[in-house]
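> After the sequence you'll find the predicted model.
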Amino acid sequence: MDRILIEGLEFDAVIGVYDWEKRIHQRLRLDLELGWDIRPAAAGDDLSQTLDYAAISERITTFATKHHFELVETFAERIATLLKEDFGIDSVRLTLRKPGAVANAQSVGVRIERGEWSGR
Ligand SMILES: Nc1nc2c(c(=O)[nH]1)N=C([C@H](O)[C@@H](O)CO)CN2
């Protein structure tokens with residue numbers, strides 16, 4: 001399967017388990033692999049036949065400003081749902097990192113896969 005990539009998308013969100021985290025914004029970093037057949041877009045050189053990575057990046061960034069979650073797990077799952085409902089994307093590989101969360105770690109986070117991946 002072909003993939004559309006969005007790597008290192010950064011945005012701020014209210015996210016965390018603890019009370020002090022509910023009063024601040026913290027940086028999140030998102031990597032996405034989106035399964036999509038790019039051949040129709042390539043054949044016609046036509047953006048409307050593919051996934052607009054700019055539109056998707058903006059949608060996720062806006063979503064992040066409007067929703068508050070405790071767990072990165074919840075945030076990751078909601079992004080996968082948004083991608084399916086708003087853009088018709090069935091196959092998603094998603095890594096969501098919270099770089100500032102653990103002092104001695106470069107970052108922490110989750111990686112999920114949803115949908116079918118042929119050819120890995
Ligand atoms: N598996 C997870 N562990 C933890 C999370 C999380 O979202 N998923 N969150 C926290 C705190 O919010 C942390 O980011 C700040 O100390 C702790 N563990």
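Structure's in. What do you need?
> mind listing the strands for the protein?
3-13, 26-35, 92-98, 108-114 (DSSP state E).
> looking at these, which is closest to I56?
strand 3-13 (6.5 Å; C-beta to C-beta). Just so you know, the C-beta spots here come from the backbone N, C-alpha and C atoms, and that holds for glycine as well.
> For W117, give me its contacts.
M1, G35, S91, R93 (C-beta atoms under 8 Å, 6 or more residues apart in numbering).
> on that earlier part again, tabulate the strands of the chain (TSV), appending mean neighbour count.
Output for the strands of the chain, formatted as TSV (neighbours: other C-beta atoms under 10 Å):
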stretch	mean neighbour count
strand 3-13	14
strand 26-35	19
strand 92-98	20
strand 108-114	15
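> looking at these, which is closest to the ligand?
With C-beta to the nearest ligand atom as the criterion, the ligand lies closest to strand 92-98 of these, at 5.5 Å.
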